[in-house]
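> Sequence and predicted structure, then a few things I'm wondering about:
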Amino acid sequence: MGRRVSGGAVRRLRPDAILVDSQTLLSDRALVVRDGRVLGHDGPSAEDEVHPGEFWSAAPVLVHAHLESHDAPAATWSRAGFAAWAAELLAWRERRDRLPPDQAAAASLAELRRAGCGFVLAHRAEAGATSEAHRRARELPELLDLPELFAPEPERAGEALRTCAGAPGRALHSPFGVSLELARAAFAAPGPVSIHLGEHAEERRLLAAGDGPLAELLRARGRPLPAGRWPSPVDWLADAGGLRPGVLAVHGADLRPEELRRLDRAGVRVVWCPGTHRFFRRPAPAFAAAGLPAPALGCDSRASNDALDPLREFRLAGRLLPDFPPAAWWRAATEGGAEAVGRADLGHLRPGAAARWLRFRAPRSPADAAAACVWLAGEEVRPIGGVEAAA
């Protein structure tokens, strides 16, 4: 849907219940909005626009996606390991009968909008994999797309960085996809940096020993291997200067508890993509064992996921890692994601928030916020249309 409620005047919108955040549920209260912002909540009034039988929540925030490859035939690709899958993806990208990157991006954004996503951070791995029309029209989800750098050759570091000129941040493919020279320059520059890190055992093996399936793939494509050796992906990140706030470590499913705690101490935020984790049938990650809050969520791309849907990611997270209760995963899908990208105005409906919400049909109001999060985790619960917002 992506509909924006007309702005200007103060409006009072009253569903049966509002999940303000993962800890706060209000019943029979009006959401008071103006000029795209939440002013507050108030008791019933004759001026209210009433929405009986509805339950509202803040729109989710996804902190990792790829908008290209929307038409990828991923169901036919190998899931035995990352390198085997990547070889099929790269071969498919060379075909001429696939969607151009801009059309794939438009299709991905439309799917995210229908699914109720309010904000998405995307790695732009192919030139043109964005939508200026979406941005100009101020459609939802709000899009922050970062150019993704893949340049393992040290001599290409300067050239690669120039492609990021004027961008609000940078995305690095991975420790094996960029040279140490390029990574150090990217992390030294101000602004956010997002990188696939600690995703799978093949990455750890390549960094520690310089061999394995990833080494074979890089050699087959004429690409250099990482010049050094590091015991873990987090050690590589430290060497590259990436242990700092503003860095997003995407996936993290192969990281050990102490490695995750080391990222947390440095202010690095982990972003997990449950749909991709399930696609590759990977073992349970160590987030709970590390004693840390549930990580922010992403959806990756249609090349490694069956759908681009924040509610599906929230529900898969709970099924794959039930150590965290539904309220913790709902926070991860909303405020946790907003905090990871430095947006205190997203992921909740408290005063000052951006007025972006999802509408649900609810036969009865949940008893409290925890019960509301359990209800949202039900597979049958779908929003009415997509994300909506006050202009």
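Arrived safely, thanks for sending.

> so Gly43 touches Leu26, yeah?
No - between Gly43 and Leu26 there is no contact under CB atoms under 8 Å: 10.1 Å. C-beta: built from backbone N, CA, C; applies to glycine.

> least trustworthy helix or strand in the protein by mean pLDDT?
Least confident helix or strand, the chain: strand 4-5 with a mean of 50, by mean pLDDT, DSSP states H and E.

> Please parse this protein into its domains.
4-58+347-390, 61-340 (automatic domain parsing).

> between Gly43 and Leu26, which one's more packed in?
Neighbour count, other CB atoms under 10 Å: between Gly43 and Leu26, Leu26 has more, with 17 against 9.

> Can you classify that one as helix, strand or coil?
Look at Leu26: counting by DSSP: H, G, I helix; E, B strand; the rest coil, its state is strand.

> ok, it touching Val20?
Yes - the pair Leu26 / Val20 is scored as a contact, 6.0 Å apart, by CB under 8 Å.

> how about the nearest residue to Ala286, chain neighbours excluded?
Setting aside the residues directly before and after it, Ala286 is nearest to Pro257 in space (CB to CB, 6 or more residues apart in numbering), at 4.8 Å.

> Next, count neighbours for the one you found.
The burial count assigned to Pro257 is 14, neighbours taken as other CB under 10 Å.

> Now it. Its backbone dihedrals?
Backbone geometry at Pro257, expressed as degrees, to the nearest 10, gives phi -50, psi -50.

> OK, contacts around it?
Shown in contact with Pro257 (CB atoms under 8 Å, 6 or more residues apart in numbering): Ala286, Ala289, Ala290, Gly291.

> From Arg261, how far off is the first one?
To Arg261, Ala286 is 10 Å away according to CB to CB, to the nearest Å.

> what do you get for the third one?
Between Ala290 and Arg261 the distance is 5 Å, computed by CB to CB.

> And for the second one?
In this structure, Ala289 and Arg261 are 10 Å apart, going by CB to CB.

> Name the residue in Ala286 and Arg261 with the higher neighbour count.
Neighbour tally, Ala286 and Arg261, criterion other CB under 10 Å: the higher count belongs to Ala286, 21 against 16.

> what about that one, which SS state?
Under three-state DSSP, Ala286 falls in the coil class.

> For it, which residues are in contact?
So Ala286 contacts Leu255, Arg256, Pro257, Leu260 (CB under 8 Å, 6+ apart).

> Tell me the buried residues within the residues you listed.
Leu255, Arg256, Leu260 (16 or more other CB atoms under 10 Å).

> Mind checking which of those residues are in helices?
Judged by DSSP state H, the subset of these located in helices is Leu260.

> Mind putting the buried ones among the contacts of Ala286 into TSV with distance to Pro154?
Below are the buried ones among the contacts of Ala286 laid out as TSV (distance: CB to CB, whole Å):
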residue	distance to Pro154
Leu255	26
Arg256	29
Leu260	29
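
> could the buried ones among the contacts of Ala286 go into JSON lines alongside distance to Ala186 and pLDDT?
Below are these laid out as JSON lines (distance: CB to CB, whole Å; pLDDT from 0 to 100):
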{"residue": "Leu255", "distance to Ala186": "20", "pLDDT": "98"}
{"residue": "Arg256", "distance to Ala186": "25", "pLDDT": "98"}
{"residue": "Leu260", "distance to Ala186": "22", "pLDDT": "98"}
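
> For Met1, report the pLDDT, please.
Per-residue pLDDT puts Met1 at 40.

> shaky segments in the stretch 51-200 of the chain?
Counting by pLDDT under 70, the stretch 51-200 of the chain contains no low-confidence range.

> For it, just list every one of the strands.
Ranges of strands in the stretch 51-200 of the chain, per DSSP state E, counting those that start in this stretch, are 61-65, 119-124, 142-149, 170-172, 193-197.

> if we can go back for a sec, tell me, what's touching Leu26 and Val20 both at once?
Common neighbours of Leu26 and Val20 (CB under 8 Å, 6+ apart) are His41.

> how about the strands of the stretch 51-200 of the chain, which one is nearest Asp211?
Of all these, strand 193-197 sits nearest to Asp211, with 19.9 Å by CB to CB.

> What's the first helix or strand after the closest one?
Per DSSP states H and E, strand 193-197 leads on to helix 201-209 as the next helix or strand towards the C-terminus.

> what's in contact with that following helix?
By CB under 8 Å, 6+ apart, the residues outside helix 201-209 that reach it are 81-83, 174-176, 198, 211-215, 225-226, 229-233, 235-236, 254.

> What mean pLDDT does that helix get?
For helix 201-209, mean pLDDT is 98.

> between that helix and strand 193-197, what angle do the directions make?
If you take axes from the mean of the first three to the mean of the last three CA atoms, to 10 degrees, helix 201-209 sits at 90 degrees to strand 193-197.

> His51 contacts Arg361, doesn't it?
No - taking contacts as CB under 8 Å, His51 lies outside contact range of Arg361: 10.1 Å.

> if you count what's nearby, which of the two comes out ahead?
Taking neighbours as other CB under 10 Å, His51 and Arg361 compare with His51 leading, 15 against 12.

> In contact with the more buried one, which residues?
Leu13, Arg14, Pro15, Asp16, Arg359.

> Just send these back as CSV, with neighbour count too.
Shown next, in CSV, are the contacts of His51 (neighbours: other CB atoms under 10 Å):
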residue, neighbour count
Leu13, 21
Arg14, 23
Pro15, 26
Asp16, 21
Arg359, 20
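
> What about those residues, which are in strands?
Among those, DSSP state E puts Leu13, Arg14, Pro15, Asp16, Arg359 in strands.

> partner residues bridging the first one?
With DSSP bridges applied, Leu13 shows beta-bridge pairing to Leu31, Glu49.
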